[in-house]
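> I would like to see how this sequence folds:
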Amino acid sequence: MLMEDVRMKEGLHSCMNCGVCTGVCPAAEFYNYDPRQIVSIVQTRDDETIERLLKSDTIWYCGECMSCRPRCPRGNTPGYVIQALRTLSQKLGFFVESEKGRQQLALKRIIGENILRTGYCIVPRLVKPDLHPEQGTVWKWIYDPLNGILNWILKSLDLIEKNIMWTGDKRYALWAILIILITTSVGQPIILYIASLGNVPKDYVEAAQVDGANDFQVFWKIKWPSLLPTTLYIVVITTINSFQCFSLIQLLTSGGPNYRTTTIMYYLYETAFKKFEYGYANAMGVILALIIGFISFVQFKALGSDVEY
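From the prediction side, this is the model:
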């Protein structure tokens, strides 16, 4: 059944296990993922080994970027092989035995089926805490007014005398949401900056040090200009995401208390799906898109002039 898939015929010709696909694969840098090994297993045509592969998380790590396709000296495309394996895993029901496979099922139900049923990519009422543990379940436990770890720590340090309703008190609710947004948003910029710093030419740094530049001057004159493209990307994406804050509000506060944490996106959701004023909500969405576009344009003009690609 696997070998009958057209993607197998297109993506696997005569692999010699050189490992180039693994070397250029972005997913292999972050996961225990080896496209070369997957192709090698498929070529054995051992049903038991392939079945174990179909039940594992391994086939779900591929981002389908197809970086492997132009690099393979034999013209193979391991990405197509992965796609065929995923399809077979779904047909045989093996995907439910892997955590990553079950996540794909949840994604399919949220996005694919919603588009067919309602015309919307994501139906807001289906945003549930168990699908967003990093924003729902975990932070609900931290902020819980009775058994939350935050209240326990602060009382242990004698910083507060009684428990605080972090998401239920209008004095603290907005700050509690801001803390979550900050802590969940700094990870990607840190990774991007670290990766960009690794691409700064060492020759420039060494030349500046030879000329007597100190560490601050090296950073400000050499490294920082090289980080401007990354900075521009982070600023634009962070701005767009700040306007689109919805799931966190839906999961923790529902806009309360007393509309204290109602964001633009949550207000748009209430207008459309609770008040059923679809025309007004559509107009809000268009205006919001224009505002975001204008702010992004200004950011590109302000920061993009010094960026060299």
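> and the helices in the stretch 101-250 of the chain?
Secondary structure of the stretch 101-250 of the chain, counting by DSSP state H, counting those that start in this stretch: helices at 113-118, 137-143, 149-156, 173-185, 187-198, 202-210, 215-218, 224-243, 247-252.
> is it true that residue 231 touches residue 303?
Yes. Counting by Cβ atoms under 8 Å, a contact exists between residue 231 and residue 303, whose distance comes to 6.8 Å. From N, CA and C alone the C-beta is placed, and that goes for glycine too.
> quick check: residue 231 vs residue 223, distance?
Using Cβ to Cβ, to the nearest Å, one gets 12 Å for the distance from residue 231 to residue 223.
> which of the helices of the stretch 101-250 of the chain comes out lowest on mean pLDDT?
Ranked by mean pLDDT, the helices of the stretch 101-250 of the chain bottom out at helix 113-118, with a mean of 56.
> okay, and the helix or strand of this protein with the least pLDDT?
Averaged element by element with mean pLDDT, DSSP states H and E, the chain has its least confident helix or strand at helix 113-118 (a mean of 56).
> could you measure from residue 151 over to residue 102?
In this structure, residue 151 and residue 102 are separated by 34 Å, where distance is defined by Cβ to Cβ.
> pretty sure residue 39 contacts residue 12?
Yes. With contact defined as Cβ under 8 Å, residue 39 counts as touching residue 12 (6.6 Å).
> neighbour-wise, which of residue 151 and residue 102 wins?
More neighbours surround residue 151 than the other of residue 151 and residue 102, with 20 against 14 (other Cβ atoms under 10 Å).
> tell me how many other residues crowd the residue nearest to that one when sequence neighbours are not counted.
By the measure of Cβ to Cβ, 6 or more residues apart in numbering, the closest residue to residue 151 outside its immediate chain neighbours is residue 163, 4.6 Å from it. Neighbour count for residue 163, taken as other Cβ under 10 Å: 16.
> tell me who's in contact with the residue nearest the centre of the chain.
If you average the C-alpha coordinates of the chain and look for the closest C-alpha using Cα atoms, centre = their mean, you land on residue 188, 8.6 Å from that point. The contact partners of residue 188, by Cβ atoms under 8 Å, 6 or more residues apart in numbering, come to residue 234.
> how near is it to residue 238?
For residue 188, the distance to residue 238 equals 9 Å [Cβ to Cβ].
> got it, and residue 289?
Separation of residue 289 from residue 238 (Cβ to Cβ) stands at 17 Å.
> among these two, which residue is more densely surrounded?
More neighbours sit around residue 238 than around the other of residue 289 and residue 238, counting by other Cβ under 10 Å; the figures are 14 against 11.
> residue 182 is in contact with the more buried one, correct?
No. In this structure, residue 238 is not within contact of residue 182 by Cβ under 8 Å, at 10.7 Å.
> the domain parsing of the chain - what is it?
6-116, 184-304 (automatic domain parsing).
> any idea which of the ones you listed gets closest to residue 144?
Ranking these by distance to residue 144, with Cβ to Cβ as the measure, places domain 184-304 first at 11.1 Å.
> how far is the closest one from where the chain is centred?
14 Å (Cα atoms, centre = their mean, to the nearest Å).
> which regions of this structure sit below the pLDDT cut-off?
Low-confidence segments of the chain, defined by pLDDT under 70, span residues 105-136, 305-309.
> go with 80
Counting by pLDDT under 80, the chain contains low-confidence ranges at 1-4, 10, 14, 64-67, 69-71, 103-137, 247, 274, 303-309.
> show me where it has its strands.
In the chain, no segments count as strands under DSSP state E.
> ok, now how distant is residue 214 from residue 226?
In this structure, residue 214 and residue 226 are separated by 18 Å, where distance is defined by Cβ to Cβ.
> neighbour count: those two, which is higher?
Using other Cβ under 10 Å, the more surrounded residue of residue 214 and residue 226 is residue 226, with 16 against 10.
> wait, that one sits on residue 200?
Yes. Between residue 226 and residue 200 there is a contact at 4.7 Å, judged by Cβ under 8 Å.
> what sits closest to residue 40 if chain neighbours are left out?
Closest residue in space to residue 40, ignoring its immediate chain neighbours: residue 17 at 5.8 Å, by Cβ to Cβ, 6+ apart.
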